[in-house]
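Engineer: Sequence plus the predicted model coming up.
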Amino acid sequence: MKQLDPSARIFVAGHRGLVGTAIVRRLEAEGFSNLLTAGREELDLRDQAAVDRWFAQQRPEFVFLVAGTVGGIMANSTRPAEFIYDNMMIHATVVQAAHLTGVERLLYLGSSCIYPRHCPQPIREEYLLTGPLEPTNESYAIAKIAGIKLCQAYRRQYGCDFISAMPTNLYGPNDNFDLTSSHVLPALIRKFHDAKELSARTGEPAQVTVWGTGSPCREFLHVDDLADACLFLMRHYQRDEHVNVGTGEDLSIRELAELIRSIVAPQARILFDSDKPDGMPRKLLDVSRLHELGWRHSIDLKQGIRQTYEWFIAQHAPAKVGAAV
């Protein structure tokens, strides 16, 4: 098999998203100079004929399949048809085209929501399909499970070297901070920032409302750590089973909110809206398989949140400065 060297033709599917931008940064930092990308205006990854033509023309040798329609609890609950259709189509077209054009290796990125709602903790890879899914993101989870099985089926029937990785909750630069569609960590950064700004304008105390009771526990991985793990797996992993990617550490949503408050708006008051859904009670990945392979995360959560908030400020501050002048 051809080695993943700096001259390899590498397609990053979803290069503008949170994960895709991190993988591109990581590859460029490693000296890879033959990166292939295609935006939605150029290539609709849900269109099999279009994807087949693109692969036939570009002939990628390695593929990072990190494209998809994503969002938090609200987005998953209100747009289930989009989430299952878009993601199943994207995975199917890219995997099929990779097979037809003889791609050397493909890494498919799933999500930790594939596991049952009431799952033993920490969650081992073999717990997949052992119980009912979390209802608030069932459509997305089913699509992601299909992606894993798709890669396994192509490996078993055609001998394709397609592997899968399942990351925990992600955050970092280029995250989505829109309050109607974002995940919990960037949503909280945005909420505390907005509350601080409003308090500065009005003189009223800053106040932030957090969905749910604050009791569910979640694990968070900086997207730059994930990009490093993806490159590690692309170089070293060749097995059929998917691999969990995370930190092996979690905290409650209440603790997360308090940590973000300490960084963004220390004076803010936190309220919990228990009428809103909590989601899964706990979701901590068992990452012993990845640790045994020789990879561990390196970015501390507090450090990562601080870096992410600095990125958020850098993206929003220039417009305000320009308007003030």
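Structural biologist: Thanks, I have it.
Engineer: Find me the pLDDT at Val321, would you?
Structural biologist: With respect to pLDDT, Val321 scores 38.
Engineer: Correction: the previous question concerned Arg79.
Structural biologist: 86.
Engineer: What sits closest to it if chain neighbours are left out?
Structural biologist: Leaving aside its sequence neighbours, Arg79 sits nearest to Gly71 (Cβ to Cβ, 6 or more residues apart in numbering; 7.2 Å). To be clear about C-beta, it is placed using only N, CA and C from the backbone, and glycine gets the same treatment.
Engineer: How about Asn34?
Structural biologist: Excluding its sequence neighbours, the residue lying closest to Asn34 (Cβ to Cβ, 6+ apart) is Arg9, at 5.1 Å.
Engineer: ok, now which ones touch that neighbour?
Structural biologist: 34, 36, 58-62 (Cβ atoms under 8 Å, 6 or more residues apart in numbering).
Engineer: Can you name the two of the residues you listed that sit furthest apart?
Structural biologist: Put simply, by Cβ to Cβ the two of these set farthest apart are Gln58 and Phe62, 12.0 Å from each other.
Engineer: shared neighbours of the two, which are they?
Structural biologist: 9, 11.
Engineer: picking up where we left off before, ok, of the contacts of Arg9, which come out buried?
Structural biologist: 36, 60-62 (16 or more other Cβ atoms under 10 Å).
Engineer: Mind putting those into TSV with distance to Ser262 and pLDDT?
Structural biologist: As requested, the buried ones among the contacts of Arg9 are exported to TSV (distance: Cβ to Cβ, whole Å; pLDDT from 0 to 100):
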residue	distance to Ser262	pLDDT
Leu36	42	98
Pro60	44	98
Glu61	46	98
Phe62	41	98
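Engineer: In JSON lines, list these along with secondary structure and distance to Leu129.
Structural biologist: Shown next, in JSON lines, are those (DSSP: H, G, I helix; E, B strand; the rest coil; distance: Cβ to Cβ, whole Å):
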{"residue": "Leu36", "secondary structure": "strand", "distance to Leu129": "34"}
{"residue": "Pro60", "secondary structure": "coil", "distance to Leu129": "31"}
{"residue": "Glu61", "secondary structure": "coil", "distance to Leu129": "32"}
{"residue": "Phe62", "secondary structure": "strand", "distance to Leu129": "29"}
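Engineer: Is it possible to get JSON lines of the residues you listed that adds distance to Ile253?
Structural biologist: Below are these laid out as JSON lines (distance: Cβ to Cβ, whole Å):
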{"residue": "Leu36", "distance to Ile253": "39"}
{"residue": "Pro60", "distance to Ile253": "39"}
{"residue": "Glu61", "distance to Ile253": "42"}
{"residue": "Phe62", "distance to Ile253": "37"}
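Engineer: pretty sure Leu259 is touching Lys302, no?
Structural biologist: Yes. Between Leu259 and Lys302 there is a contact at 6.4 Å, judged by Cβ atoms under 8 Å.
Engineer: what's the residue nearest in space to the middle of the chain in contact with, if anything?
Structural biologist: The centroid of the chain falls nearest to Leu170 when counting by Cα atoms, centre = their mean (5.0 Å). Going by Cβ under 8 Å, 6+ apart, Leu170 touches 18-19, 183, 220-223, 226.
Engineer: Then Ala195?
Structural biologist: Taking Cβ under 8 Å, 6+ apart, one finds 206-208, 265, 268 in contact with Ala195.
Engineer: All the strands of the stretch 51-200 of the chain, in order from the start?
Structural biologist: According to DSSP state E, counting those that start in this stretch, the stretch 51-200 of the chain carries its strands in the segments 62-65, 105-109, 162-167, 169-171.
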